[in-house]
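*Asks:* Give me coordinates for this.
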Amino acid sequence: MSRGIIYVCSTAVEGLIKIGRTNDFQKRMKFLEDNGYKNVTGLKRQFAIEVDNYEDIEQLLDDLFAKSRVGNSELFSLDLNKIIQLLSSFSGKQVYPTDETKQEVFNKATEIVYSKMIPEGEYFLSRKIKEINQTVKAQMVVENGKFILKKGSVIAPYKEYKTPSWITIRKSMKLDNNGILLKDVECSSPSMGAALVVGQSANGWKSWKNKNNQLIDIYRRNDIDE
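*Replies:* Just a heads-up that it's a prediction; the model follows:
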């Protein structure tokens, strides 16, 4: 039984990804990230899992996504997070990322996929943080598939996050002495935006409301019900 690694990389072209297999993940990623692939640059590792029968699994993926393949390459016009959802559901050892569990990766990818159902527009968050006796108020704009936490939002002090990338972004945010955001911040999902506002992990679907004062969970539930 052959055992190897199936991986997915993003590229400099939005919506274009690379799916491949390897026995030496670090060496393969260094080559791709340094040199690109088939004249496509900006390759970046996103997810990798070690599985049994990896050649057969790669062939299955090739067949499944044949209509989305670019020529005879390992490049595909596919939603990156849907592929991460799929690969992280496989039985095997997660090789990358190393600072998140497979379940955390799956949950994050799933939320990003569902987030695309949220209509463009303005959304609002208001919550009293009991520990510091402070009310945070924030605005998020959804535009062109992006979630923008708007400057002027009132942000709570940072407490803790489980997602490493959120910690990095939170520490880079520019705030004045009153906790007011001085520059827009792009978020990957509603929960990331909510977490940045309240200072700790939060369920964005149960935090942000539309202009009709409805929680944005209605958009996700509508899809599940259909």
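*Asks:* Does G42 touch E14 like I think?
*Replies:* No. Counting by CB atoms under 8 Å, G42 does not reach E14; the two are 10.2 Å apart. Yep, even glycine has a C-beta here, placed from its N, CA and C like the rest.
*Asks:* Comparing these two, which residue is more hemmed in?
*Replies:* More crowded of G42 and E14, by other CB atoms under 10 Å: G42, with 12 against 9.
*Asks:* quick one: contacts for the residue nearest to the more buried one when sequence neighbours are not counted?
*Replies:* Excluding its sequence neighbours, the residue lying closest to G42 (CB to CB, 6 or more residues apart in numbering) is A12, at 2.8 Å. Going by CB atoms under 8 Å, 6 or more residues apart in numbering, A12 touches 40-43.
*Asks:* What of I57?
*Replies:* Shown in contact with I57 (CB under 8 Å, 6+ apart): 6, 21, 51, 90.
*Asks:* ok, 10 Å please
*Replies:* With contact set as CB atoms under 10 Å, 6 or more residues apart in numbering, I57 has these partners: 4, 6, 21, 49, 51, 87, 90, 92.
*Asks:* what does G152 give?
*Replies:* G152 is in contact with 137-139, 180-182, 184, counting by CB under 10 Å, 6+ apart.
*Asks:* Just say helix, strand or coil for it.
*Replies:* Under DSSP: H, G, I helix; E, B strand; the rest coil, the three-state class of G152 is coil.
*Asks:* pLDDT wise, what is it at?
*Replies:* Here the pLDDT value assigned to G152 is 97.
*Asks:* Same question for I218.
*Replies:* Per-residue pLDDT puts I218 at 93.
*Asks:* got the phi/psi numbers for it?
*Replies:* Dihedral angles phi and psi of I218 (degrees, to the nearest 10) take the values phi -60, psi -30.
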